[in-house]
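Engineer: sequence? don't have it. structure:
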């Protein structure tokens, strides 16, 4: 690490202009939070591997900013050459720079790795001391990262319309309608979540190509490089040349793919490039041309391969219209545009991608049922293994284990080996295509590291006398799942029970809330925290997406057909972690009254797996909370039973027995 910092500082000194500081963000060129190995520059420089954070290297200091999810992890991973800056407690990075660095300082950053919104804000702040935000001539981290991994390029696939519910053509029509409403002649889209939303992205798989109503499918974990620029006359899909075919097939050859199983990702790109071009005028181009093409778009000279140059009158009309850019667009591309010709506002894809159509909603529910069965199989298996190997009292009984370690040592369970078993159960389910994120499988003190990721060589062995937290999910053709359960296979302490029950009460309060239209997620976050607050406890992460968080975010009201997660928690450093998580859908609520004719909304749970009743201090529950737990458990039995064998069904029946005060 010392050599890396020294090498970076040497490059900073020789840069033109010389740099007083270098910012190393976590994000890639698409402002992704979760990036490929090649783009983990901040992790390489600092040693901190969490998904969120920012490193700052000055001539004399090295600082790492991260949020509350990662405070404990960063403390463990950072060397004494680094200073941890806690977001929400310490000054933000731009404030620290403006205060701590001298006047006229040059702050370097790769403009591909910072959003237009952030860059503009920083520039305005730095200008007060004549400090400058400087684009590095190349990414300086790449210069010193001698064994940097290669770009991860994996196949793209065709996703059946029966799972997506809407065709690419329909989505492009809506997008173009939005452009017309805003008098915009084009839009630049760089974030992978919106690209994949427009093109129905999930995980890997091979599917039959039937007709042009089907769409491209890209795995966001694998597609390292992807941009799209769409205007009312054409669609330009750009991606890495490594994913493109060596030669495009002619129409006769492509027609033959209609009735064939496509097993090669490059062949799917060929099919997409030819078939959708006929209907949607799509051109697939080399990823490296994106900069020049944005410049051409700005000057109204961008044309597709099969489009002739527009006449002068058409150009003049287009020049009066703006180019729509989302504030999250990388600053490198934004800087190529005339600010007076830019419509800088949230992408019109932001809201649609969060609203599920009926086909998607039905698929999501079905995926969660199969996934819930896999989770039940997993905990039933773990229960048996913990008793046989470690002499644990098990999932249902409370007693100290007499054998904390297997006497023979022939077999042991680790955080990684058990998470691999969970993936095995999921992989056996219909439509499985992979995990939706690396499983957080954590025992005892590791559970207090909120986004802990176990490694096979260093992970902990399971302990029957410690809490076990598992946060996991899968990608299925018909939906994505995310569930967290915390369990104990021995005798939990009274303190652990109280903490678990407080988390459960918050989970219940949020998940069963009713609220008027126009309510934001931030307004509801308090519901999940009040039971913990009553003990003087809290947690440092958001409770769910759409700004269900203690931090105010985008003030977009919650709407019917959105999905959210409900995941409160509590973490005691060095001891244990607790989190409970279900996926919820938002739907219209029927209420006795309708104040101001606003209409009301409520949540519907679609995750199915029992809560461990052994960890619940029933004396702390209200009657309505007891009734809800029992009702939810009854639904778990009824919904999951058809997907379980007799042994697992018997385990589930016992796990969902009614509780009472």
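Structural biologist: Everything's here; your move. If you're wondering where the values come from, they're calculated on a predicted model, not measured in any experiment. Numbers count the residues shown, from 1 in each chain.
Engineer: what about the closest residue to residue 613 other than its chain neighbours, neighbour count?
Structural biologist: Leaving aside its chain neighbours, residue 613 sits nearest to residue 659 (5.3 Å; criterion: CB to CB, 6 or more residues apart in numbering). (Glycine included, C-beta is placed from N, CA and C.) Burial of residue 659 is recorded as 16 neighbouring residues (other CB atoms under 10 Å).
Engineer: Am I right that residue 659 sits in a helix?
Structural biologist: No. Assignment of residue 659 by DSSP: H, G, I helix; E, B strand; the rest coil gives coil, placing it outside any helix.
Engineer: Out of the helices and strands in this protein, which is least certain?
Structural biologist: Sorting the helices and strands of the chain by mean pLDDT, DSSP states H and E puts strand 207-208 at the bottom, at a mean of 30.
Engineer: ok, now which ones touch residue 325?
Structural biologist: Residues counted as contacts of residue 325 (CB atoms under 8 Å, 6 or more residues apart in numbering) are 116, 187-188, 334, 337, 342-344.
Engineer: Same question for residue 452.
Structural biologist: Remark: with contacts taken as CB under 8 Å, 6+ apart, residue 452 is in contact with 73, 440, 442, 446.
Engineer: For those, which ChimeraX command selects only the ones that are buried?
Structural biologist: Restricted to buried positions by 16 or more other CB atoms under 10 Å, the ChimeraX selection for the contacts of residue 452 reads:
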select :73,440,442,446
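Engineer: Residue 40 and residue 477, how far apart?
Structural biologist: From residue 40 over to residue 477 the distance is 29 Å, taken as CB to CB, to the nearest Å.
Engineer: Against which helices or strands is the longest helix seen in the chain packed?
Structural biologist: What stands out as the longest helix in the chain, according to DSSP state H, is helix 358-390. Counting contacts by 3 or more CB pairs under 8 Å, 6 or more residues apart in numbering; DSSP states H and E, helix 358-390 packs against helix 161-164, helix 415-427, strand 474-476, strand 479-480, strand 483-488, strand 582-589, helix 623-640, helix 646-655.
Engineer: Mean neighbour count, the ones you listed: which tops it?
Structural biologist: Each of those was given a mean neighbour count from mean count of other CB atoms under 10 Å, and the largest, a mean of 27, is that of strand 474-476.
Engineer: Give the pairing partners of it; include direction for each.
Structural biologist: In the sheet containing strand 474-476, its partner strands are strand 432-435 (antiparallel), strand 479-480 (antiparallel), by DSSP bridges.
Engineer: any chance of those strands in a markdown table, plus mean pLDDT and distance to residue 16?
Structural biologist: As requested, the strands paired with strand 474-476 are exported to a markdown table (pLDDT from 0 to 100; distance: least, CB to CB, whole Å):
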| stretch | mean pLDDT | distance to residue 16 |
| --- | --- | --- |
| strand 432-435 | 95 | 45 |
| strand 479-480 | 95 | 46 |
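Engineer: Include distance to residue 94 when you put the ones you listed into CSV, please.
Structural biologist: As requested, those are exported to CSV (distance: least, CB to CB, whole Å):
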stretch, distance to residue 94
strand 432-435, 35
strand 479-480, 34
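Engineer: Mind listing what's buried along the helix or strand residue 84 falls within?
Structural biologist: Assigning secondary structure by DSSP states H and E places residue 84 in strand 83-86. Of the residues in strand 83-86, 84-86 count as buried by neighbour count, 16+ other CB under 10 Å.
Engineer: Kindly reformat the helices and strands packed on helix 358-390 as a markdown table and extend each row with distance to residue 68.
Structural biologist: As requested, those are arranged in a markdown table below (distance: least, CB to CB, whole Å):
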| stretch | distance to residue 68 |
| --- | --- |
| helix 161-164 | 36 |
| helix 415-427 | 22 |
| strand 474-476 | 27 |
| strand 479-480 | 25 |
| strand 483-488 | 17 |
| strand 582-589 | 22 |
| helix 623-640 | 27 |
| helix 646-655 | 32 |
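Engineer: Those: which one's closest to residue 464?
Structural biologist: Nearest to residue 464, of all the helices and strands packed on helix 358-390, is strand 483-488, at 8.5 Å by CB to CB.
Engineer: can you list contacts of the closest one?
Structural biologist: Counting contacts by CB under 8 Å, 6+ apart, the residues outside strand 483-488 that touch it are 371-372, 375, 379, 382, 395, 440, 447, 466-473, 496, 500, 503, 567, 569, 577-583, 607, 609, 611-612, 614-615.
Engineer: Measure how that strand sits relative to strand 582-589, angle-wise.
Structural biologist: With axes from the mean of the first three to the mean of the last three CA atoms, to 10 degrees applied, the angle from strand 483-488 to strand 582-589 works out at 130 degrees.
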